[in-house]
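**Q** Fold the following for me, if possible:
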Amino acid sequence: MFLKGITLQKEKISSYQSYPFSIPVIKSLVQLHINSNVTFFVGGENGSGKSTLLEAIADKCGFHTAGGGRNNAYHVDASESPLADYIRLSWLPKVTNGFFLRAETFYQFASHIDQVGGANAAYGGMSLHHQSHGGESFLSLFQHRFHKKAVYLLDEPEAALSPQRQLAFLRILHNLTEDGNSQFIIATHSPILLGFPEATIFSFDNSNIHEVAYEDTDHYQITRGFLENRERFLYEIFKEDDE
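**A** From the prediction side, this is the model:
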């Protein structure tokens, strides 16, 4: 494990009225200690701050904030992190290898790789655009681009992964982290990914970042409740519409 902590440098902040400091969890952040090779950021709703913090970490690592590593340079509108200048990362030891995956801008990253001569060889020998929709290109990225002794930051990787491919990703995650030479921080809504053993889960709900058990996440409880009581769930949902 390499990245040990994230500190919000409050002395640099002049106002909490504007974004991103108006986000409750960012406003209340002092220091976040990272204790696992696999750490998840979860929040019940988009806008909870998990992607904002992950993007800032990526920026401080020197990764492209629209997706990529330290050597990827391409333009995407509004890809800068407004939070990066206000956080400090603690390392032991510091590593420079890694990658930031942002599902919503993956198309632009794939186009950038196509434009770099010979770069597709590092991604399975085929354009990421020419691999079947999302899921295959994401897994190709994980299998061919991700190596040991690096930090990987993933923002909602499940966006293009079927449940079966999410399970395949869990195997890749296990293979990369079992000897402690890779570290992952993942923002996700997926109850499948959250089930990775011995991971730390930080919830961004209730205005502060706090550690939660897998079984206590809304993602697990709602999914399990629906699968076990589908007819009752649907009845209650449709009943609200009828009213």
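**Q** can we go C-alpha only for contacts and neighbour counts from here?
**A** Noted.
**Q** how about stretch 37-50 as PDB, C-alpha atoms only?
**A** Output in PDB follows, covering the C-alpha atoms of stretch 37-50 (Å, rounded to 0.1, in the frame of the first residue of the first chain):
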ATOM      1  CA  ASN A  37      -5.000  -2.000  -0.700                       C
ATOM      2  CA  VAL A  38      -8.600  -1.700  -1.900                       C
ATOM      3  CA  THR A  39     -10.700   1.200  -0.800                       C
ATOM      4  CA  PHE A  40     -14.200   2.100  -2.000                       C
ATOM      5  CA  PHE A  41     -16.000   5.400  -2.000                       C
ATOM      6  CA  VAL A  42     -19.800   5.100  -1.900                       C
ATOM      7  CA  GLY A  43     -22.600   7.500  -1.700                       C
ATOM      8  CA  GLY A  44     -26.300   7.000  -2.100                       C
ATOM      9  CA  GLU A  45     -26.600   9.800  -4.700                       C
ATOM     10  CA  ASN A  46     -24.500  11.400  -7.400                       C
ATOM     11  CA  GLY A  47     -23.200  14.700  -6.100                       C
ATOM     12  CA  SER A  48     -22.200  13.200  -2.700                       C
ATOM     13  CA  GLY A  49     -18.500  14.300  -3.300                       C
ATOM     14  CA  LYS A  50     -16.900  10.900  -3.900                       C
END
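**Q** does Ser14 count as helix, strand or coil?
**A** Classification of Ser14 using DSSP: H, G, I helix; E, B strand; the rest coil returns coil.
**Q** That one: neighbour count?
**A** 9 (other Cα atoms under 10 Å).
**Q** Check the one 5 residues further on too.
**A** Residues within reach of Tyr19, counting by other Cα under 10 Å, total 12.
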